[in-house]
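**Q** Need a 3D model of the following:
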Amino acid sequence: MNYIFADLESTSTYIEQFAQAHVDAPYFVFGTEEDVMQASATEGFHYPCLWLDLPHIVTEDNEMANLMEKYRFSITCMYSGELDNKVTRIQAYQKAVRLLQNLQNKLKQDNRKGILVCELSGMQKMPLNPLLFNSSHYGYILNFEASFHANDIL
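**A** The predicted structure is shown next:
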């Protein structure tokens, strides 16, 4: 069975397709901070930027022949600029929250439809450190786990 969130290529494609279809059409980056910095130097890069960081993966064994894989994902929605105006800064944070809420809704709906074969849990949005990449970046990070039975792959 193909598990979207157990395969990094499928996961990246899923999130990128969400970005392309979203009304704000955020620029999508998959990988590390270095990948984001390299992407920001390319032509066509724009904000908002939706960044899927490499997941942390935890394998759990309940000692009863049931193996679970837990992928811990972080997806950042960020805006950049010299946002000296408090109202403008608040609007950037709010736009990031709304975009991530739209992603959460898609994840929930696709999970109910059986497109995602996993349990989604721990969805938490945390503010982005504005000093990231030594410049003014504003936004939120969506952290969540995608867990699935892994007996057929481990």
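
**Q** Assign a three-state SS to the residue positioned nearest the centre of the chain, would you?
**A** Central residue of the chain (C-alpha atoms, centre = their mean): residue 75, 2.2 Å from the mean position. Secondary structure, DSSP: H, G, I helix; E, B strand; the rest coil: residue 75 is strand.

**Q** ok, now which ones touch it?
**A** Contacts for residue 75 (C-beta atoms under 8 Å, 6 or more residues apart in numbering) come out as 15, 50-53, 100, 103, 141-142. For the C-beta atoms, the positions are set from N, CA and C on the backbone; glycine is no exception.

**Q** who wins for neighbours among the residues you listed?
**A** With neighbours taken as other C-beta atoms under 10 Å, the top of those is residue 50, carrying 27 neighbours.

**Q** close enough to count as contact, that residue and residue 27?
**A** Yes. Counting by C-beta atoms under 8 Å, residue 27 is a contact partner of residue 50 at 7.0 Å.

**Q** Give me the common contacts of those two.
**A** Listed as contacting both residue 50 and residue 27 by C-beta under 8 Å, 6+ apart are residue 19.

**Q** if I look at the residue nearest to the centre of the chain, how far off is residue 101?
**A** In this view, residue 75 and residue 101 are 12 Å apart by C-beta to C-beta, to the nearest Å.

**Q** re the thing from before, specify the beta-bridge partners of the residue nearest to the centre of the chain.
**A** On the basis of DSSP bridges, residue 75 is bridged to residue 52, residue 142.

**Q** Same question for the one 5 residues further on.
**A** Following DSSP bridges, residue 80 is listed with bridge partners residue 137.

**Q** Give me the neighbour count for it.
**A** Residues lying near residue 80 (other C-beta under 10 Å) number 19.

**Q** Run the chain-centre distance for stretch 108-125.
**A** When distances are taken as C-alpha atoms, centre = their mean, to the nearest Å, stretch 108-125 is centred 13 Å away from the chain's centroid.

**Q** Revised request: answer the last question for stretch 46-53.
**A** That offset, for stretch 46-53, works out to 9 Å (C-alpha atoms, centre = their mean).
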